[in-house]
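In: Fold the following, please.
(chains A and B, ligands or ions: 2)
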Amino acid sequence: MTRILKSIEEFEGEVSESLVIVDGHDLPPARHDGGSPEIGRSRRRIDATQRVTGRARYTQDLYLAGMLHARILRSPHARARVRRIDTKRAEALPGVRGVLHRFNTPKTPFRGDDVIFREEVRFVGEEVCAVAADDEDTAREALALIEVDYERLPHVVDLEEALGDVAPQLESDGNVSESGSHKRGDTKRALKEADVAVDVTYRTSTQLHNALETHGAVALYDGEMLTVWESTQHVFGVRTGLKNALKLPYSRIRVICDYMGGGFGAKNGVGKYTIVASLFAMRFGKAVRCVLTRDEENLAAGNRSATLQQLRLGAKGGRITAIEHTSWSNSGQGKWIANPTGPTNTLYEVANVNTRSYKVVTNAGSLSAFRAPGYVEGAFALESAIDELAEAAGVDPLTLRRRHAGAGKDPITGNRYSDKHLLECYRIGAKEIGWDRRRAGGTRGSAPHRRRGIGMASQIWGGGGGPPAYATVHVDPDGSVVLTAGTQDIGTGTRTVLAQICADELGVELDDVRVQIGDSAGPFGPMSAGSMTLASVGPAVRLAAHDAREQLLGAAAGVLETPKAELRLEAGAIVSKGARTPLGEVLGKVDNNTVIGKGIRFPNADDLAQKTFSAQFAEVEVDVRTGEIFVERIVAALDVGRIVNPLTAASQVEGGVIQGIGFALSEERIVDRALGRVMSGNLEGYKVPTVKDVPTIVVKFVDRPDRRANNLGAKGLGEPPIIPTAAAIANAVANATGARVRHSPLTRARVLEALALAGIRD
Amino acid sequence: MPPTIDRRGAALRGPSAVDVALEVNGERVVVHVPPRRTLLDALREQLGLTGTKKVCDEGTCGACTVLVDGRPVYSCLTLAIACENRRVETIEGLAKDGELHPVQRAFVDTDAFQCGFCTPGQVMSIVALLRTVPQPTEDDVKRAVAGNLCRCGAYPNIVAAGVSAGRRKRT
Ligand code: FES
Ligand code: FES
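Out: Ligands and ions are numbered 1, 2, ... in the order given. Presented below is the predicted three-dimensional model:
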């Protein structure tokens, strides 16, 4: 019977309620007895051959016949009014097909109340004009011929400058607005009564995603359908953005993302380049390609906000009694911020907590979600400060955490966790790193000027996923299987794990399952973000496969004239009393019939909190002469429910840790304050980790199914591994040297400064 | 029009598009490109060989790595015209008769990629390494791919793939 149910979901730290149409019943939790043919087994990626042969086609690889090339003219000013645009010379250039800007383009909505070309441009890199031409070179030349009359306005790009009185106020209500708060107990009193307290300020710099494939789209309009290929984490989100911008119905927009070269949160919705390509495509009836360059990517494609965070912590009798945490995030021109106080609110059972988080607008590029937005920044501050408190209280930092990490309930909602094994992560990680070797004050390093230390940090994050998500399983008459699901593979291995779930439940070989995803022509599914893909889509796939299997057994019962109860489907064959008949043979008897199994994601229990937990341990050496940090080993111990594919799961953890190392040690957007220009706009100035920056990484999973989370018992894994890395490293550095670096990345200059402050060098 | 000859006797070409003959993956091809056209763009746009990726277009990432006369080069920093009559190998040319190259197989087996966007460049760098160092150590592999960025952080498995590829024989 079709009915409506309530569901509670968490997305990147925000909990919301939704309604879901459901039909039938969910499956009981999958078995976890080691007998699964596919789930829990390491499998090579099913699309691996495509990826290693260069045959995988990414958006930037699409060259359609007669395709035009669009490029975007961007503001050279941090803040200016666009008074006049003269495109005569550009349009006279042979090969130029058209130009779009605010004076010749109807107001085209972009993400809510914004438009694609604004009268006041508000950061260096903001879109001013777009050109379509027969080839890329001509489009680029045309940009240089466009004359724009800008009226420059005062700007501010720096977070702390924007907080001050002299900065220009960018919004009618100022630059600063509160975006969230949480209060429990009485922190004032607890701090007054504390034996020890720390009062510390932390900073994190802006991190740039720099997925290797830049943002881009290819749009094609045939008079009836708008088809857009886009490098995106959400084909359906792009479809919605296009619907709002172009006023086309969903039925006439198709968004495809077959292969994509990384997103990390920056590709969660429609881009202005998508709309530009689509507008030109609709005007000219041709394919139009608009792919950003690396520089554009670093100006106008999102970032992780810089933050300023103040924390006050108190302890009494060896326990944490109070945490106050106030945070300011540079949102640039973004409309929201991620919440750095999220971990403070929920990670530990502490009676008195008071947090507040503020959004600060500036004339810098907008933030966008970046792998665990807010939590990476917040965990760096919180988990560093906990170590500072432990040090002040003379308690081992792991012991101090253990005293607060066992809570079975979410402290904000009071809902029980569906499952939680954080203490187990501590146990596994501590053993693996050899925590008992850790000495207060660190130890001698491998050379006289090198100190060695161990540190750790822990993590909480969502990852429970939720509805709506849909899947269908088609079994063709030859016994081959097509799994269609509303999702996309952004490099996480989604195709492979979904195929495993399908093969497992259906009873066919992995090789028999073809996975069709990344296409809005299929059933709806969530964005590949918030660590929710597996936990959202996986259970729907399982249900669809189960439905198909039931139908197949029913059909086989008829064909083989055997009661259904005596039949099983195993490795692609119907098994009856020891006899195996290949599925294709059975279905061949009813040729051209197709069995279609359907599955949906049922709601989350509304009285439980589905969370992921983990801890990371770092061992480092620090050269106290140069300030260089050598990370030698990272141990990551994670509780993310059941692991479907240990091989790809471990890869994802390693990748998260490595991005965490970048955030901790080298990645930092530098913006010139006077001009508002990004000075680190390419991969030379902006340092992402190379192979030589990678330490030994040990990955350990608790691997216990969270049976109350969903029918698969699996939770998300994309974001947890990046959250605690920077704090674990900073804590190891402090252990090694006695110097506390309170600004990430921990560059050599900052380490040297902290060493000098601590009196370790002058 | 006869070609203009420079002081050293070489023919000056351009500035408009000219025919350039290349050997790409064992086949002789002629591309018609202006002299400023990079090898990367010629491969991707003229020859449809889009396996080689453009990430920075300025020599800072290694995604566009191909082999020219057996040596790895950044094809975004190499002009197509400079490769006239030279041997160019790209990711598309590695698998023979449907059989993956040992380095490709090692990448598949060790899960040496996530999004796969850096993969063609990584693979080509390691293929070049194996021709001079058939049994590389971890350090050899690290040195070979030090100029190949991977934003997904597949590095540990890339190194493992390089080492294990050295132990495989081409079948
Ligand atoms: S694209 Fe050639 S090095 Fe980056
Ligand atoms: S696999 Fe994504 S960049 Fe290397």
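In: In this structure residue A:693 contacts residue A:661, no?
Out: Yes. Between residue A:693 and residue A:661 there is a contact under CB atoms under 8 Å: 6.4 Å. Any C-beta I mention is one placed from the backbone N, CA and C, and that applies to glycine too.
In: the more surrounded of these two?
Out: residue A:661 (27 against 16; other CB atoms under 10 Å in any protein chain shown).
In: domains of chain B?
Out: The record's domain split for chain B, according to automatic domain parsing, is B:4-92, B:102-170.
In: between these, which one is nearest to ligand 2?
Out: Among the domains of chain B, the nearest to ligand 2 by CB to the nearest ligand atom is domain B:102-170 (3.2 Å).
In: Does the closest one reach ligand 1?
Out: No. Against ligand 1, domain B:102-170 shows no contacts by CB under 6 Å from any ligand atom, the least distance being 7.8 Å.
In: I'd like the distance from that domain to the chain centre, please.
Out: 14 Å (CA atoms, centre = their mean, to the nearest Å).
In: Which single residue in the stretch 1-150 of chain A comes nearest to ligand 1?
Out: Relative to ligand 1, the nearest point of the stretch 1-150 of chain A is residue A:60 (11.2 Å; CB to the nearest ligand atom).
In: just checking, that residue is part of a helix?
Out: Yes. Under DSSP: H, G, I helix; E, B strand; the rest coil, residue A:60 sits within a helix.
In: who touches it in this structure?
Out: Counting by CB atoms under 8 Å, 6 or more residues apart in numbering or on different chains, residue A:60 makes contact with A:213, A:214, A:216, A:231, A:261, A:291, B:50, B:53, B:54.
In: Do I have it right that residue A:470 meets residue A:487?
Out: No. Using CB under 8 Å, residue A:470 is not in contact with residue A:487, being 9.7 Å away.
In: Now do residue A:618 against chain B, distance only.
Out: Applying CB to the nearest CB, to the nearest Å, the value for residue A:618 to chain B is 16 Å.
In: what secondary structure does that residue sit in?
Out: Of the three states, residue A:618 takes strand under three-state DSSP.
In: pLDDT wise, what is it at?
Out: What the model reports as pLDDT for residue A:618 is 98.
In: what ranges do the helices span in the stretch 301-450 of chain A?
Out: A:342-346, A:375-393, A:397-402, A:422-433 (DSSP state H, counting those that start in this stretch).
In: how about low-confidence regions in the chain?
Out: Picked chain A for this. Applying pLDDT under 70 to chain A flags residues A:761-762.
In: wrong one, I was asking about chain B
Out: B:1-11, B:169-171.
In: In it, which residue sits nearest chain A?
Out: Nearest residue of chain B to chain A: residue B:51, at 1.9 Å (CB to the nearest CB).
In: Grab the most central residue of chain B for me.
Out: In chain B, the centroid-proximal residue (CA atoms, centre = their mean) is residue B:66; its distance is 0.9 Å.
In: That one in helix, strand or coil?
Out: The three-state label given to residue B:66 by three-state DSSP is strand.
In: from what I can see it touches residue B:43, true?
Out: Yes. Using CB under 8 Å, residue B:66 is in contact with residue B:43, at 7.1 Å.
In: Touching both of the two, which residues are there?
Out: B:52, B:75, B:88, B:90.
In: show me the contacts for the first one.
Out: Think residue B:52. Applying CB under 8 Å, 6+ apart, we find residue B:52 in contact with A:54, B:40, B:43-44, B:63-66, B:75, B:90-91, B:120-121.
In: and if we set it to 7 Å?
Out: B:40, B:43, B:44, B:64, B:66, B:75, B:90, B:91, B:120 (CB atoms under 7 Å, 6 or more residues apart in numbering or on different chains).
In: The third one: what's its closest spatial neighbour, skipping adjacent residues?
Out: This means residue B:44. Once flanking residues are discounted, residue B:44 sits nearest to residue B:50: 5.2 Å by CB to CB, 6 or more residues apart in numbering or on different chains.
In: Is it correct that that neighbour falls within a helix?
Out: No. Secondary structure assignment (three-state DSSP) places residue B:50 in coil, not in a helix.
In: Surely it and residue A:61 touch.
Out: Yes. Contact criterion CB atoms under 7 Å: residue B:50 and residue A:61 qualify, at 3.6 Å.
In: Check the gap between the residue nearest to residue A:285 when sequence neighbours are not counted and ligand 1 for me.
Out: The shortest distance from residue A:285 to any non-neighbouring residue, by CB to CB, 6+ apart, is to residue A:221 (6.0 Å). According to CB to the nearest ligand atom, to the nearest Å, residue A:221 and ligand 1 sit 30 Å apart.
In: what about the helix or strand where residue A:129 lies and chain B, any contact?
Out: Assigned by DSSP states H and E, residue A:129 belongs to strand A:127-133. No. Under the criterion of CB under 7 Å from any CB of the partner chain, chain B is not reached by strand A:127-133; the shortest gap measures 14.3 Å.
In: Would you list the strands that that strand pairs with, along with their directions?
Out: The pairing partners recorded for strand A:127-133 under DSSP bridges are strand A:68-74 (antiparallel), strand A:96-101 (antiparallel).
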